[in-house]
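A.B. asks: got a sequence here, can you build the structure:
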Amino acid sequence: MPTLGLVSKSVETASNLPVVLVLLPFLGSGFVPTDSLPPGLRWFADHQPFTPVIETIRGLLLGTPIGDDAVLAVIWCVVIAASGYLWARRLFNRVPAR
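C.D. replies: Below is the predicted model of the structure:
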């Protein structure tokens, strides 16, 4: 993500910032059903961006109904892409020309 590179002060920081994004699928429905999680973690897993994406892919691959997960997955992808673009554009325009 270019934004994380623009906001970082060093190369090491830029390489370590995406770790949070790497951990999010583990806190979703990728490995266990969200119904088996404790209440607080279940709420987080049900409302984070990776869960609808995982459920949509799982439903398409297994031929099971996907319900509104596909719509939620597309909405999450658009929101994340748009916010990343706007944030990166704002940071890039702030950098002085050399």
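A.B. asks: so what's Leu4 up against?
C.D. replies: Ala14, Leu17, Pro18 (Cβ atoms under 8 Å, 6 or more residues apart in numbering). For glycine as for every other residue, the C-beta is placed from the backbone atoms N, C-alpha and C.
A.B. asks: relative to Arg90, how far out is the second one?
C.D. replies: Leu17 sits 17 Å away from Arg90, going by Cβ to Cβ, to the nearest Å.
A.B. asks: next one: Pro96
C.D. replies: Remark: distance between Pro96 and Arg90 (Cβ to Cβ) = 14 Å.
A.B. asks: ok, now Pro38?
C.D. replies: Look at Pro38 and Arg90: by Cβ to Cβ, they are 38 Å apart.
A.B. asks: quick revisit: more neighbours, Leu17 and Arg90?
C.D. replies: More crowded of Leu17 and Arg90, by other Cβ atoms under 10 Å: Leu17, with 15 against 11.
A.B. asks: so that one is in contact with Ser8, correct?
C.D. replies: Yes - with contact defined as Cβ atoms under 8 Å, Leu17 counts as touching Ser8 (6.4 Å).
A.B. asks: got phi/psi on Leu23?
C.D. replies: With angles defined as degrees, to the nearest 10, Leu23 shows backbone torsions of phi -80, psi -20.
A.B. asks: for the lowest-mean-pLDDT helix or strand in the chain, buried residues please.
C.D. replies: One helix or strand of the chain scores below all others by mean pLDDT, DSSP states H and E: helix 2-7, with a mean of 79. Going by neighbour count (16 or more other Cβ atoms under 10 Å), the buried part of helix 2-7 is Thr3, Leu4, Leu6.
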